[in-house]
Every structure is written in C-alpha cells, then in structure tokens.
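A.B. asks: Give me coordinates for this.
(2 chains)
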Amino acid sequence: MKKPLLIGAILLYATAFAASLAIRASTPEGQTASDVSRLMSARVHEVIPVRSTSDIVKALEKARRNNLKIAISGARHSQGGQTFYPDAIVLDMKKYNRILNIDRANRTIRVQSGATWDDVQEAINPYGLAIRVMQSSNIFTIGGSISANAHGRDPREGPLIDTIDSFRLMRADGNVIQVSRTENAEWFPLVIGGYGLFGVVLDADIRLTADEMLEERTLKMGVERFPEYFAENVRDNPAVGLTIARLSTAPASFLKEMYVTNYVKATAPLPDNPPKLKEERAVELTKFLFGLSRKCDWGKNVSWTLQKRIFASENGTILSRNNAMRPEIEFLEYRDVQRTDLLQEYFILVNRFVPFIEGLGKIVRGSGLNLVNITVRYVPANTDATLSYAKEDSFALVLLFNHRRDSRGISQLERATQDMVDLALQQRGSYYLTYQLFPTPEQLNAAYPGAESFFQLKKKLDPDLLFMNEFYARYAP
Amino acid sequence: MTPINVMSPSMKWMILSQSAMTFGAGVVFPFYLIFIKEIGGDFTEFGIAYGLFTLFSAFLNRLFGASSDRYGRKVFLVIGAWGTAFLFLLFPIATSIWQVYAFQIVLGAFGAMQKTCEKALIADMTEGGRRGELIGRYHFGVSLFSGAAVMAGGVLVDFFTLDLIFYIGSVVLFVGGLMLVRVKEGAV
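C.D. replies: Predicted coordinates:
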C-alpha cells in the first residue's frame, strides 16, 4: 500500500477515535433519571439543564401548567431517589454554578447552588481561604450538600448548616425569598437537610476559614482503643485540622484493626502564594486496587496491606487544607451492570462505638454482605436542622457495600439494613437519610424525632406537593 | 521459495495481524450481551442482533469470496479490519437497540470479508504437503490470542467500563489491519 494512503488512514482513524470519545463524553444520560448507585431509577418527564434563574421559573410554570412534579438534582450521589420522581421534571442544577462574590475580609462566599466544592476551592484558593465543612470529596454541588446537610472531616465543625449564613430559595409559587436564621427563619431548618422538598436553593452565603498547612499523620490501632484515643488526642486537640479513620474489612483483621489519619497543623505557615490545587492522579491504579477489594477476600487482604504502605509513604506529607480536602474519588465510579456500590452511614455516640462495631460485624457476617470499606468521621452534636442526625457528639461510620442489583440481592440488603438501623437505634444512634430507602417509616421516626413536623410543614408550605421525590413518597404519612 | 520448515515473513505477519484481529474482536464479543442489556435490551434482542450478524455474513461470504479472486484477498482483509475498528467506535455512543441492529448488519459484512478472505489467503500461502502443519501453526497463534482476549475482556469490563473494551478492541483491530500491509499476496 502507498505511504500517503496509509498515513491518511491512520489520521482518519485517529480523528474518528477522538470524535467518538468526545461524543461519548458529552452524551447526556437520557430521560431516565437515576443516581450513581443505579439501584433505583424512574422514567421522568424530562431533565432540564438549568443555566439561569429564568430556566427554573419556566420549569416551575411548566410543571404547574401540566400538573407535573419537580425534582432537583446535583451530582446525583444520593442513593434513594432524592433527586427524581416518576414523570417529574428534573432540574439538573450542575450548570447553574457561578461564583457570585467572595468577601475576603469576612471570609464568606456567595455561590450558585449548582457549583461544586471544587469550583469553590478553585475560586478561594488564591486568597488563602478554605472551606469549613464539606464531604470528603469535592465533586458534590452546594445545593445537594445543603439539601443533605452534609458533614465533613474537621472535628471542630458540625454539619454544613453551621456554616450557612443565608440562602435564596425559589418556592413552589415561583417567589424568591431570602432565608437565614433571622429572615424567613422557619424555612432555614427545613431546607437544609430537606432534600429539595421545600424549593430550589438558588445561591447561598457560606462561611469560610483560613487555609493552612497541615501535616498528614497516620497510625494504626485496635478498634477498642479508638474512642479513648480520639477523646484524648483528637477531639479536644485544636492542632488537628482534619481527621478520618478506616476500619479493616480484610478477613485477617475484620473490624479489629484501624488506621487513623490526622491532619495536624504544621509549623510552617501558609506561603503568601498558596500552594496550587492538586488534580486527581493515578486514578486507574487506585480504581484497580479498589476493584480487587470489591471482588474477594484475598483482594481485601492485599488492599489492606497496600494501604499500610501507602500511609507509611504519605506520613509526614505537608499539604494545604484545601489540598487535603480534595481526595481522589473517581476510582469509586463503578459500572458493573449486575452489581453496584452502595453507601450507608450510621451515627453512633462516641462511647457506643465499640458495641456498635461488634454488632455490625455479626450482621455483616450473618447476612453475607460484601462490606468493602468503612471510614469513620466525627460530628459534634447539632440539632439545628429539623432532620438532624447527630443529636449528640457522634462518630459517623460510612459503609461501602458491593452488592447484587437483582431483586433477591436487594431484599437481602434491605433486611440487613433494617437490622443495622435497629442496632444503631439500640445504641441511641441514627442513620443518614441520603442513602437507600430501606429503613421502615417507624425506624425513620425513631431516628429522626423531627420527621413528623417535617412532613407536616412540607404539606403546609408546598400544599400542591410540587417538589417531590422518592424519599417523600416512601416516608410521608 | 522459502524452505519448508521456515515460515515466510508474510505468513508471520499474517499470523500476527489475524491474531490481533481475533484479539480485538474477542475482547468485545463475549461481553456483548452485557452491552445490549445496558442499552435496554434483553435476551431476545441479543438473539436478533447476533442473528442479523450471522445472516448477513452468510449471504456476503459468497460475494466476497468471488470478488477476492478478482481483486485480491488483502484489500478485503484490510477493509474488514479497519471497518470493524471504525464500527467499534460507534458502539459507545449508540443510544438505541435499532442502532445496534444496523451496526450488526454492517459488522456481518466486514465479518464475511474477514472470514472468507482469511481462509483463501491462507490457502494461497501454503501448499500441498505441509499445508496442514502450517495451518495448524497459524491457528495455534490465532487461538492463543482469542483466549487471552476473552480473559482480558472480562477483567477490563469488571474493573473499568464497558465502553473501554470497544475502544481497546477498535485500536487493536486497526493495528491488525496495519500489519496486513506487510503481507505479500501469493508469497509462499
């Protein structure tokens, strides 16, 4: 074959390859709404990508005119249909993401609700500012985080509601109100942690903190020692900026060993030119390792041993608070059609941690669930939101399961979840509403004493139930 | 003429290229069912898609067989490999089962080119006495890659995404087509 012809063929192929990738990347998910767990989905009326406030006004008008419901979605990482409802109009808020104002003197930011924590970090990093409270990953939207009243890894910060000064809310009637602890105050505890049932959060004023340099320190300990260690060395130790612990799910040390990673204030001050934000790296490798531990016991053992090495190599790393608050998450993306990764979270009083872990071990073994990963954070008591999860100082245990998506697998998981919720309730704890809808209405009411008034006020403030999702449909009396 | 116990460079390139092509296709095909399921189909639709491929392939085998006598085998093998490589790029962006049916029909055509012309070319490249041995060696190489492909495909689908196997399969097929350039027709 002639050379030019060959080069032409290669170029043509490369172009087609690039085009395919580009189209693949920009294809919307279609009109079936789901979330990252793909456990539930619903055929929705349409998904409207929101770019401006008028897009929301029009969508609300359309819904009222055609008697449709409105559901609101951000990063779609909730796992119980909080972001969709059958035949509803879904507002996809991700493009409604402008940073409106940064007040350096007062350390606050005003940001549209579709912006992610990543967007906020990009905007505030040059000014030496950092986020007070956010989830461990920065991919979530502000609106979604407000709706779930998320919490984070700073042991001195409560849930997100603590750092929200005010926000603008578009109500079901299309009117926009300013909501704070003093203005339209009745809406404040309902919208934060209210899963989008009271209106569309347009933008929010969020309090920030100073960025600082932290030093990563990881140590290993037995599970039974953790509560005491935490009380003595972390909770009342102002030097600890962030903290997170991981429990072993490897058979050799199942729920017996743990790693505690503290980010301790470093002696070096933040440089005048704050460190650049790091981007995700080596995602495919982490993804592979994570895949191994999903797969089998051997993989879990290997992964646990490898983590030991990784932590040892990262011990002493000095990084800014902003960079410590952008851990890798892309490796969690999981696309097996028959199985799914499911998250659950339980809030357990500090002194009930050990009995809870013992009970949890029994349930997991007895039900044959594939528990891949458990991380532990700390949330101080806060009851500001109507649906508050940490009524006393608690450890927050995030459990990652890898499970079959078929109906038998799901009912197995449902039973085990109800057992785990019972266990948490026995230990005066609660569970997080952002995940599956497995707990019974009775369990919801036991864990959330404010639930009854939450649903009553929903009916009062949105009498036509314009804002609707699967969570409401499952639990509203 | 090449001594009988030494394989001609053309034969080596032919084995390499066809191994790559089996690999490229093998990495995808066993997992095709999962793809159909993802796109919203069921076993019936999988059956239809696979049947369409085979049926079209069946009719076109005759046409391409005869044409390759006239125009040469290599050109059809190259078109088959590159055509499949291009088509694999379309799967990740397919959104409905009808598109998949259409791809399958075209794939059937490329498959017919590959199957018939591969056999004919191998026959051209071997002769009488040692033909069986050479074809045995040829199939040994090609089957080895086919087995490896299925295993690799399984791991890739498990740990990464389904789309990835189409992209990897596509690249391998394209390279397999490139290798054919080194094959001289009629060289024994």
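
A.B. asks: Which positions in chain B make contact with chain A?
C.D. replies: B:34, B:37-38, B:78, B:82, B:85-86, B:89-90, B:92-93, B:95, B:157-163, B:167, B:170-171, B:174, B:178, B:181 (C-beta under 8 Å from any C-beta of the partner chain). In short, each C-beta sits where N, CA and C put it, glycine included.

A.B. asks: Report the buried members of those residues.
C.D. replies: B:34, B:37, B:78, B:82, B:85-86, B:89-90, B:92-93, B:157, B:159-163, B:167, B:170-171, B:174, B:178, B:181 (16 or more other C-beta atoms under 10 Å in any protein chain shown).

A.B. asks: What about those, which are in strands?
C.D. replies: For those, not one is inside strands, with DSSP state E as the criterion.

A.B. asks: Inside helices: which ones of those residues?
C.D. replies: Members of those lying in helices (criterion: DSSP state H): B:34, B:37, B:78, B:82, B:85-86, B:89-90, B:157, B:159, B:162-163, B:167, B:170-171, B:174, B:178.

A.B. asks: where along the chain do the helices fall?
C.D. replies: Just so you know, I chose chain A. Going by DSSP H, chain A shows helices at A:3-26, A:53-65, A:117-124, A:142-148, A:188-191, A:226-230, A:283-295, A:297-314, A:321-324, A:353-367, A:407-426, A:441-447, A:451-461, A:470-475.

A.B. asks: wait, I meant chain B there
C.D. replies: Using DSSP H, the helices of chain B run over B:9-26, B:32-38, B:43-71, B:73-90, B:97-125, B:131-159, B:162-180.

A.B. asks: Residue A:25 is nearest to which of the ones you listed?
C.D. replies: helix B:162-180 (10.3 Å; C-beta to C-beta).

A.B. asks: What is the closest one packed up against?
C.D. replies: helix A:3-26, helix B:9-26, helix B:32-38, helix B:73-90, helix B:131-159 (3 or more C-beta pairs under 8 Å, 6 or more residues apart in numbering or on different chains; DSSP states H and E).

A.B. asks: same thing but at 10 Å, please
C.D. replies: With contacts defined as 3 or more C-beta pairs under 10 Å, 6 or more residues apart in numbering or on different chains; DSSP states H and E, helix B:162-180 has these neighbours: helix A:3-26, helix B:9-26, helix B:32-38, helix B:73-90, helix B:97-125, helix B:131-159.

A.B. asks: about what we covered before: would you mind finding the most buried of the helices of chain A?
C.D. replies: helix A:142-148 (a mean of 28; mean count of other C-beta atoms under 10 Å in any protein chain shown).

A.B. asks: helices and strands around it, which ones?
C.D. replies: By 3+ C-beta pairs under 10 Å, 6+ apart, helix A:142-148 packs against strand A:70-73, strand A:108-112, helix A:117-124, strand A:164-170, helix A:188-191, strand A:200-210.

A.B. asks: And the residue nearest the centre of chain A?
C.D. replies: Closest to where the C-alpha atoms of chain A average out (C-alpha atoms, centre = their mean) is residue A:135, at 5.4 Å.

A.B. asks: Would you check that that residue makes contact with residue A:325?
C.D. replies: Yes - between residue A:135 and residue A:325 there is a contact at 9.4 Å, judged by C-beta atoms under 10 Å.

A.B. asks: what residues are shared contacts of these two?
C.D. replies: Contact criterion C-beta atoms under 10 Å, 6 or more residues apart in numbering or on different chains; residues shared by residue A:135 and residue A:325: A:117, A:152, A:153.

A.B. asks: Chain neighbours aside, what residue packs nearest to residue 52?
C.D. replies: I'll assume chain A. Distances taken as C-beta to C-beta, 6 or more residues apart in numbering or on different chains put residue A:96 closest to residue A:52, at 7.3 Å, once the chain neighbours are dropped.

A.B. asks: actually it's chain B I care about, not the one you picked
C.D. replies: residue B:104 (4.6 Å).

A.B. asks: burial of the one you found, as a residue count?
C.D. replies: Number of residues near residue B:104 (other C-beta atoms under 10 Å in any protein chain shown) recorded here: 22.

A.B. asks: Contacts only, for it.
C.D. replies: B:32, B:48-57, B:87, B:111.

A.B. asks: Can you add pLDDT and neighbour count and give these back as JSON lines?
C.D. replies: Output for the contacts of residue B:104, formatted as JSON lines (pLDDT from 0 to 100; neighbours: other C-beta atoms under 10 Å in any protein chain shown):
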{"residue": "B:32", "pLDDT": "75", "neighbour count": "20"}
{"residue": "B:48", "pLDDT": "84", "neighbour count": "16"}
{"residue": "B:49", "pLDDT": "82", "neighbour count": "21"}
{"residue": "B:50", "pLDDT": "82", "neighbour count": "16"}
{"residue": "B:51", "pLDDT": "87", "neighbour count": "12"}
{"residue": "B:52", "pLDDT": "86", "neighbour count": "18"}
{"residue": "B:53", "pLDDT": "85", "neighbour count": "23"}
{"residue": "B:54", "pLDDT": "88", "neighbour count": "12"}
{"residue": "B:55", "pLDDT": "89", "neighbour count": "13"}
{"residue": "B:56", "pLDDT": "87", "neighbour count": "19"}
{"residue": "B:57", "pLDDT": "88", "neighbour count": "22"}
{"residue": "B:87", "pLDDT": "92", "neighbour count": "19"}
{"residue": "B:111", "pLDDT": "90", "neighbour count": "23"}
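
A.B. asks: Return the member of those nearest to chain A.
C.D. replies: When those are compared for distance to chain A (C-beta to the nearest C-beta), residue B:87 wins out at 10.1 Å.

A.B. asks: quick one: that closest one and residue B:102, what's the gap?
C.D. replies: Per C-beta to C-beta, to the nearest Å, residue B:87 is found 10 Å from residue B:102.

A.B. asks: Over to residue A:102?
C.D. replies: Relative to residue B:102, residue A:102 is positioned 52 Å away (C-beta to C-beta).

A.B. asks: Between these two, tell me which one has more neighbours.
C.D. replies: For residue A:102 versus residue B:102, the count of surrounding residues by other C-beta under 10 Å is larger for residue A:102: 18 against 15.

A.B. asks: show me the contacts for the more buried one.
C.D. replies: Residues in contact with residue A:102 (C-beta under 10 Å, 6+ apart) are A:108, A:109, A:110, A:111, A:120, A:123, A:124, A:126, A:127, A:129, A:208.
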